[in-house]
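> Test case, fold it:
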Amino acid sequence: MRLFAANYRLLGWITLILVGGFLTTSFAAYMASRQAIEHSISEQALPLTGDIIHSGLQKDILYPVFISSMMAQDPRMVDWMRSGEKDEAAILDYLSGIKRKYAIVGSFIGADASRKLYHTYGPPDDLQEGRALDRWFFRMKTMKGEKFETNVDVETRYSGLPTLFINHRVLDAQGKFVGVTGVSVTLETLNQVLSSYQARYGASIYFVDGAGKVVLSGAAVAVDEGHLTTRSGMRDIAAAILNRRTEPTSLAYRNGKSDVLVNSRYVPELKWYLVVEQNVSGNIDPLTRIFAINFAVSFGVMLLVLVVTLLTVNRFQRALHKMASTDALTGLLNRQALAVLFRQTTLMSKRSRRPLSAILFDIDHFKGVNDAFGHMVGDSVIRQVAEIALDVVRESDAVTRWGGEEYLVLLSDCKLSAAIGVAENLRRRVADHDFGLPGGKFMVTISLGVAQYHDNESENSFFTRADDALYGAKHGGRNYTNASYVQDSTAQLF
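Residues are numbered from 1 along each chain as shown. Next up, the predicted model:
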């Protein structure tokens, strides 16, 4: 596990950097796109929509205000009031003509001199000071500074429907109040206008008065949404909306999980505020879906690249490990790998209390093979000896190339006596093997030194004893097996 961790730590860091960078850039791109969309809606699309709606409402909703103003400034109207309101039929025809020409619900004139209200609903009515029904007229008479007012009320005398009344003061040449002109439009008509704009632009459009009360909304208004301060999420921005600014005001609020952008402006002709709301979620949801798809595809590609990279690095790592631990000529473990293997084997031997032995051997007179037949043949002999050693020992044993023509075999769970038997078998197999040398006169043999590992013995001491045993085999005439026996009677044998 430590070797695995060491080998793959760098790859793990690269993976974390790639994944972290991918997630960071993806999230940053998403947030930048979201902010760009919100900025585009807030600073461009929503104000433009507000301007278009405001321009359209000039005709559909502000039109009655202009009609009322036109009537109040008509010289014939002022002269008729100043001349004693003669020819009542003529003024009723005038009002009926206004109604037909401009397609409004009704038009009216309230004369101060006679205290009569002339209208298109029927015969004139008396205006009585102190009566609630006529309070609007006397309020207009005493109004200072303002020329007109708008009232939303239920028209009780004739239609019984909620109606918008636009009342305009009429003044003579000297600025004296002489009466009131006005027109009426049912709220249902105005709500249909707002509904058409809402459907066309996909926005919530409504009017609020100076106190923040919703007066027109295009649909029925719930009790808890009849005022800016009670509408969900708008409490904090209500004061900013009611600022009497005729230029657009851009605001935003949070409604549940949705961000809502608001564009508002004061409409002096109505003394109301036009409020246009745009839920950003409708524009962000497609972006979120696209982001999710791109994220999934990109993440899948990234994982595929990482898997391919992991497999490639793993393959390369194994190749490097093999190159670093394997002898290129024979395919056996090399001396560097033996050092690691020996430490692991001795630890296992100590834990299991099982013996460990080693055979150190080399090829006799190998220099003569190279001198007589060349290095290519010598390399072939080295490879064939390695193959014989691998065939003789068990799969659990390890055969390594010690160096040059020297080999070392580690025998797990093997006492000295058994190791000597393995060494003798190996010696005979090599001596009997046909190495295919030219001429057939040169016999390949090996000399072997055998030693058993002592408890707590150092690596250097163990291999030195095996090397001394090999040296003894060489001096014993070669093609010989020599063993290193314990000299200290207190040493523990497994």
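
> List the contacts of residue 340.
By Cβ atoms under 8 Å, 6 or more residues apart in numbering, the contact list for residue 340 reads residue 325. For the C-beta atoms, the positions are set from N, CA and C on the backbone; glycine is no exception.

> okay, the strand or helix carrying it in PDB with CA atoms only?
Assessed by DSSP states H and E, residue 340 sits inside helix 335-352. Extracted as PDB, the C-alpha positions of helix 335-352 are listed here (Å, rounded to 0.1, in the frame of the first residue of the first chain):
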ATOM      1  CA  ARG A 335      19.800  -7.000  -7.000                       C
ATOM      2  CA  GLN A 336      17.900  -3.800  -6.200                       C
ATOM      3  CA  ALA A 337      14.500  -5.600  -6.100                       C
ATOM      4  CA  LEU A 338      16.100  -8.400  -4.000                       C
ATOM      5  CA  ALA A 339      16.900  -5.900  -1.200                       C
ATOM      6  CA  VAL A 340      13.100  -5.000  -0.900                       C
ATOM      7  CA  LEU A 341      12.100  -8.600  -1.300                       C
ATOM      8  CA  PHE A 342      14.500  -9.800   1.300                       C
ATOM      9  CA  ARG A 343      13.200  -7.400   4.000                       C
ATOM     10  CA  GLN A 344       9.600  -8.500   3.300                       C
ATOM     11  CA  THR A 345      10.500 -12.200   3.300                       C
ATOM     12  CA  THR A 346      12.500 -12.000   6.600                       C
ATOM     13  CA  LEU A 347       9.600 -10.200   8.200                       C
ATOM     14  CA  MET A 348       7.100 -12.900   7.100                       C
ATOM     15  CA  SER A 349       9.600 -15.500   8.200                       C
ATOM     16  CA  LYS A 350       9.800 -14.000  11.700                       C
ATOM     17  CA  ARG A 351       6.100 -13.700  12.100                       C
ATOM     18  CA  SER A 352       5.300 -17.200  10.900                       C
END
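
> For it, list every residue counted as buried.
337-338, 342, 345-346, 349 (16 or more other Cβ atoms under 10 Å).

> Could you do stretch 137-149 as well?
So, applying 16+ other Cβ under 10 Å, buried residues of stretch 137-149: 137-138, 140-141, 148-149.

> now swap in stretch 395-410 and tell me
Those would be 397-402, 405-410, for stretch 395-410 by 16+ other Cβ under 10 Å.

> ok, for residue 108, nearest residue in space, not its chain neighbours?
Leaving out its chain neighbours, the residue that sits closest to residue 108 by Cβ to Cβ, 6 or more residues apart in numbering is residue 119, at 3.8 Å.

> if I pick the one you found, what's in contact with it?
Contacts of residue 119 (Cβ under 8 Å, 6+ apart): 95, 106-109, 125.

> Same check on residue 46?
203, 250, 261, 263, 276, 278.

> give me that answer again for 7 Å
261, 263, 276, 278 (Cβ atoms under 7 Å, 6 or more residues apart in numbering).

> and the gap between it and residue 364?
Residue 46 sits 97 Å away from residue 364, going by Cβ to Cβ, to the nearest Å.

> cool, and residue 304?
For residue 304, the distance to residue 364 - Cβ to Cβ - is 57 Å.

> Tell me which of those two has more neighbours.
residue 364 (21 against 10; other Cβ atoms under 10 Å).

> Make sure residue 35 is indeed in a strand.
No. Going by DSSP: H, G, I helix; E, B strand; the rest coil, the assignment for residue 35 is helix, not a strand.

> Number of residues surrounding it?
10.

> how near is it to residue 366?
78 Å.

> Tell me which two in the contacts of residue 46 are the farthest apart.
261 and 276 (8.9 Å; Cβ to Cβ).

> Between these two, which has more neighbouring residues?
residue 276 (25 against 22).

> Now do the SS call for that one.
strand.

> the helices in the stretch 251-400 of the chain, which residues?
Per DSSP state H, counting those that start in this stretch, the stretch 251-400 of the chain carries helices over the ranges 281-325, 335-352, 366-373, 375-392.

> Which helix or strand lies directly C-terminal to the helix or strand of the chain with the lowest mean pLDDT?
Ranking every helix and strand in the chain by mean pLDDT, DSSP states H and E puts helix 2-40 at the bottom, with a mean of 70. Next along the chain after helix 2-40, taking DSSP H and E as the criterion, comes helix 46-60.

> Just the C-alphas of that following helix, formatted as CSV.
These are the backbone C-alpha positions of helix 46-60, laid out as CSV (Å, rounded to 0.1, in the frame of the first residue of the first chain):
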residue,chain,number,x,y,z
LEU,A,46,-36.7,45.1,-18.5
PRO,A,47,-36.4,48.9,-18.9
LEU,A,48,-37.1,48.5,-22.6
THR,A,49,-40.2,46.4,-21.8
GLY,A,50,-41.2,49.0,-19.3
ASP,A,51,-40.8,51.8,-21.9
ILE,A,52,-42.8,49.8,-24.5
ILE,A,53,-45.6,49.1,-22.0
HIS,A,54,-45.6,52.7,-20.8
SER,A,55,-45.9,53.9,-24.4
GLY,A,56,-48.7,51.4,-25.1
LEU,A,57,-50.5,52.4,-22.0
GLN,A,58,-50.4,56.0,-23.1
LYS,A,59,-53.2,55.0,-25.5
ASP,A,60,-54.9,52.2,-23.6
